[in-house]
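Asker: return a 3D structure for these sequence lines:
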Amino acid sequence: MRISKKTIKTIMLMQPNWSILGKRSWKLPPYNLAILNACLEKDYSVFLYDPNFSDENEADITKKLGEIKPDLIGLTSFSTEYIEEVMCHTKLIKQELPDAVVVLGGVLPTVWIDKISQDENVDYFIMGEGEYRFRELLNLLKSGFQSGSDFDGIAFSKNGKSIIHNHKYFVEDLDAVPFPNWGDLDYSKYSNYKMKYAAGILPRQFPFATTLTSRGCPYKCIFCAAKTVSGTKVRVRSSQNVLEEIEWYCEKKNIREMIFLDDHFFYHKKRAIDIMNGLIERQYGLTWKCANAAVFALDEELLNLMKLSGSYQLTLSIESGDQDVVTKLIKKPINLKKTREKIELAKSYDFEIIANFIIGTPTETWDQIRKSLAYAESVDVDIVNIHIASPLPKTELMDICIREGVLETEDSVSGYTTGQIGTKEFTPFELQVLRAFEWDRINFSSQEKLGNVARMSGLTIEEAQGWRKSTRKHLGSTTDWQNRFGD
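Answerer: Numbering: from 1, shown residues only. Sure thing, here's the model as predicted:
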């Protein structure tokens, strides 16, 4: 069985509108698509399209497809939460351009190919990292290829049968990956956009940029699919490469802040130190922060250099305030006594601190949950985020849920903003009530804390009070996300 040749001249790289069916929308710049554009621009006419940022509806999207008429549409995905939204877009594409090739990449096919490969409107799926796989797929389409060939990371259907070549390799030399090319997109709209309510990714200064300086995570947290998405080996860009990208953003985009989206920015301590020393020496005047900082990697040397180089905020994913839960159940290498000491050290450097906790993991007891929240309150950080455990495909948490009889299959998960797990110790509803009211109690226990949450979340005091009321009323699952995340 042979796949026929296909002439590809014009490519549209597209980020779906995540709110097209009414869910919350994250208006971050499509960094991955800009990198793909840089990989393809020399050989193809590439058009970047992001209907998510301007919340375009089906008619708007159909019109744009008809105007561009690409030979191939490369669609990205960043969460299994949005599978219905992705399928909505692939259907629109095929209705408007039935002869165009539709390729879906990103998190969704990487972790849930068995499910998403049922979408008949997608011609090819790319699993794993796409910088080289996408180009290789294009080359194969140009020449035609045998469907039985062993091509890493590609899936498709033929005569109703799914043909899946699971991905085996990750990009080793990240310095060889080009810097993003934003092409047709007006980057100034992204770099000046104020994403309210999301303190961890809301900059202090505008314009701002986001980047990824490493991939992979060696830890085995049961709720995380990182090992499938980016592998357990940490691969890093050199400090020189990172500083060159920052310099480009400063010179070409006039940015004032950089946000690092790495899973573990401080994994290679010397590299992190070299980046920070480079920021100090170059005197860009930037502020910066990590979207996630491993608390066990922090020490006084790093905190001092972070402050000197312009960092001002730490987001620490502690996960639980019960030592047995965090190490034996969640499997995160955190010592809670040392964590408390490091938080106090970070406070002495005047860092804003956000702490993330998870409740409702199977076999966790109600008393352990209460103990965890007591710890969260006692460390006295600026913002405590409380998440309900959500089993994702290709995670140990999902395996536990199925083994314990909490869920029947991976398809049993119905959402990510409400409780999914019920045990003898708690129901999903109890978790939602506890989460909403403890979040309110801990974060708004004084006028000073109210002011901190409002400022760090980009809100007025009145907006913060409205957020509290809405969260209590809807138990944190309100569908009014567009009003909450709007300008």
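Asker: let me see the domain layout of this structure.
Answerer: 2-165, 186-484 (automatic domain parsing).
Asker: distance to residue 177 and mean neighbour count added to those domains, as TSV?
Answerer: For the C-beta atoms, the positions are set from N, CA and C on the backbone; glycine is no exception. Output for the domains of the chain, formatted as TSV (distance: least, CB to CB, whole Å; neighbours: other CB atoms under 10 Å):
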stretch	distance to residue 177	mean neighbour count
domain 2-165	5	18
domain 186-484	8	18
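Asker: residue 180: which of those domains is closest?
Answerer: Of all those, domain 2-165 sits nearest to residue 180, with 3.2 Å by CB to CB.
Asker: returning to what we had before: adding mean pLDDT and distance to residue 175, write the domains of the chain out as a markdown table.
Answerer: Formatted as a markdown table, the domains of the chain follow (pLDDT from 0 to 100; distance: least, CB to CB, whole Å):
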| stretch | mean pLDDT | distance to residue 175 |
| --- | --- | --- |
| domain 2-165 | 92 | 12 |
| domain 186-484 | 94 | 5 |
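Asker: relative to residue 172, which of the ones you listed is closest?
Answerer: Once those are compared by CB to CB, domain 186-484 is nearest, at 6.2 Å.
Asker: what segments of the stretch 51-200 of the chain are helices?
Answerer: For the stretch 51-200 of the chain, helices defined by DSSP state H, counting those that start in this stretch occupy the ranges 58-68, 83-96, 107-116, 130-143, 187-191.
Asker: hmm, residue 282 and residue 247 touching each other?
Answerer: Yes - between residue 247 and residue 282 a contact is recorded at 7.1 Å, counting by CB atoms under 8 Å.
Asker: nearest to residue 334, of the helices of the stretch 51-200 of the chain?
Answerer: Among the helices of the stretch 51-200 of the chain, helix 107-116 comes nearest to residue 334, with 24.7 Å by CB to CB.
Asker: need the next SSE after the helix or strand residue 376 falls within, C-terminal direction.
Answerer: Secondary structure from DSSP states H and E places residue 376 in helix 366-378. Going down the chain from helix 366-378, the next helix or strand is strand 383-388, by DSSP H and E.
Asker: partner strands of that following strand, with direction?
Answerer: Note on strand 383-388: by DSSP bridges, its sheet partners are strand 352-359 (parallel).
Asker: nearest spatial neighbour of residue 71, chain-adjacent residues omitted?
Answerer: residue 8 (4.7 Å; CB to CB, 6 or more residues apart in numbering).
Asker: so the one you found, which state does it fall into?
Answerer: Under DSSP: H, G, I helix; E, B strand; the rest coil, residue 8 falls in the coil class.
Asker: output the helices of the stretch 51-200 of the chain in CSV, with distance to residue 30 appended to each entry.
Answerer: Shown next, in CSV, are the helices of the stretch 51-200 of the chain (distance: least, CB to CB, whole Å):
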stretch, distance to residue 30
helix 58-68, 15
helix 83-96, 14
helix 107-116, 13
helix 130-143, 12
helix 187-191, 9
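Asker: and the closest residue to residue 444 other than its chain neighbours, what is it in contact with?
Answerer: Once flanking residues are discounted, residue 444 sits nearest to residue 450: 5.1 Å by CB to CB, 6+ apart. Shown in contact with residue 450 (CB atoms under 8 Å, 6 or more residues apart in numbering): 444, 461, 464-465.
Asker: nearest to residue 75 among the residues you listed?
Answerer: Nearest to residue 75 among the contacts of residue 450 is residue 464, at 36.1 Å by CB to CB.
Asker: could you check how far that closest one is from residue 291?
Answerer: Here residue 464 is placed at a distance of 22 Å from residue 291 (CB to CB, to the nearest Å).
Asker: re the thing from before, run the angle between the helix or strand hosting the residue nearest to residue 444 and strand 383-388 for me.
Answerer: Residue 450 belongs to helix 447-456 when elements are defined using DSSP H and E. Following axes from the mean of the first three to the mean of the last three CA atoms, to 10 degrees, one obtains 80 degrees for the angle between helix 447-456 and strand 383-388.
Asker: so how far is the helix or strand just after helix 447-456 off the chain centroid?
Answerer: Counting by DSSP H and E, the next helix or strand C-terminal to helix 447-456 is helix 461-474. Here helix 461-474 is found 25 Å from its chain centre; the criterion is CA atoms, centre = their mean, to the nearest Å.
Asker: and the furthest pair within the contacts of residue 450?
Answerer: Spatially, the most separated pair among the contacts of residue 450 is 444 and 461, at 10.7 Å (CB to CB).
Asker: bridged to residue 126, which residues?
Answerer: Taking DSSP bridges as the rule, residue 126 bridges to residue 154.
Asker: got the contact list for it?
Answerer: 103-105, 109, 133-134, 137, 153-154.
Asker: again with residue 71
Answerer: Residues near residue 71 by CB under 8 Å, 6+ apart: 6-11, 100-101.
Asker: for those residues, which one is nearest residue 144?
Answerer: When the contacts of residue 71 are compared against residue 144 (criterion: CB to CB), the nearest one is residue 6, at 8.2 Å.
Asker: what does the closest residue to residue 294 other than its chain neighbours show for phi and psi?
Answerer: Among residues not flanking residue 294 along the chain, residue 264 sits closest, at 5.5 Å (CB to CB, 6+ apart). Backbone dihedrals for residue 264, given as degrees, to the nearest 10, come out at phi -150, psi 80.
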